[in-house]
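1. Dropping the sequence and predicted coords here.
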Amino acid sequence: MSFLEIKQVVAGYGPAVALHGVSLSMEKGQRVSLLGANGAGKSSIVNVVSGLLPVRSGEVWFQGERIDGWAAHRIVGLGVSQVPEGRLVFPKMTVWENLELGATTLKDTVQKSRILEQVFDLFPRLSERRKQMAGTMSGGEQQMLAVGRSLMSQPKLILSDEISMGLAPLVVRDIYDTLLHINQELGVTLLMVEQEAKLALEVADTCHLLESGRIVASGPADEMAKSELVRKVYLAED
Ligand SMILES: Nc1ncnc2c1ncn2[C@@H]1O[C@H](COP(=O)(O)OP(=O)(O)OP(=O)(O)O)[C@@H](O)[C@H]1O
Ligand SMILES: [Mg+2]
């Protein structure tokens, strides 16, 4: 069985169906990106994995356990952490307090401060601003904080949603470099939603293309980058 398996998942919101029988699987250590237009169902997929969006039918398995139907906090406890779309940091709390909120699965305070220092090593800018209110930081810094917060639960799988949204390319590159480091050095598996196609294909080893709640193409990122569909529609090449 794979590290993560999504099997024939149907999910939606009220009468609207957002995912029409989506299946995908990931191995440990992989970097997978989900590409697709607005409303294609990218966030819905990661929300199904993190337990924020219930499945109507189908199954989700993580490391041999069937997790669909589980409460989100139990899924975090298994080692699945989400960097949500729009960052969602707490603006009236300091950087430090925001990070601590990500560590609710950790009871041991010594371990907690060790992981905090790890996050500060990865993001020196957060370290410099540890007492600053999160809401007063730049968009890029807030995104770093959102990634840092997700690391506080010592995840095995990170789900990230639109890291690049509204940020300057250099900052985005910086954050993805840190995620690549986390993947390569700490062995954390990454499932990334990324609407910037060029970036999605660069940072991932495997890519799935979504259209209207269905996966319409999948493959190694370098092959997907050469496919006609991806080149014409998503990379806007002739
Ligand atoms: N809270 C909600 N209530 C009703 N419909 C929703 C809700 N969230 C998403 N949808 C619908 O579900 C479908 C898939 O949405 P989803 O957010 O997964 O797309 P996405 O690929 O992440 O898009 P984007 O790139 O704009 O973030 C869309 O048709 C959307 O309108
Ligand atoms: Mg989305």
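-> Thanks, I have it. Numbers count the residues shown, from 1 in each chain. Ligands and ions are numbered 1, 2, ... in the order given.

2. Against ligand 2, how distant is the most centrally placed residue in the chain?
-> The centre of the chain sits closest to Ser160, judged by C-alpha atoms, centre = their mean, with a distance of 1.6 Å. As judged by C-beta to the ion, to the nearest Å, Ser160 and ligand 2 stand 11 Å apart. All C-beta atoms are positioned from the backbone trio N, CA, C, and that covers glycine.

3. OK, contacts around that residue?
-> By C-beta atoms under 8 Å, 6 or more residues apart in numbering, the residues touching Ser160 are Val46, Gln82, Val83, Val147, Ser150, Leu179, Leu190, Leu191, Met192, Val193, Glu194.

4. Quick check: residues of this protein near ligand 1?
-> 13, 16, 18, 36, 38-44, 85, 195 (C-beta under 6 Å from any ligand atom).

5. mind pulling up the phi and psi values for the closest residue to ligand 2 within the chain?
-> Residue nearest to ligand 2 within the chain: Ser43 (3.1 Å; C-beta to the ion). In terms of degrees, to the nearest 10, the main-chain angles of Ser43 are phi -60, psi -40.

6. pretty sure it is touching Asp161, no?
-> Yes - using C-beta atoms under 8 Å, Ser43 is in contact with Asp161, at 5.5 Å.

7. quick one: buried residues of the longest helix seen in the chain?
-> Scanning the chain for the helix with the most residues, using DSSP state H, yields helix 169-186. Buried residues in helix 169-186, counted by 16 or more other C-beta atoms under 10 Å: Val171, Val172, Asp174, Ile175, Tyr176, Thr178, Leu179, Ile182, Asn183.
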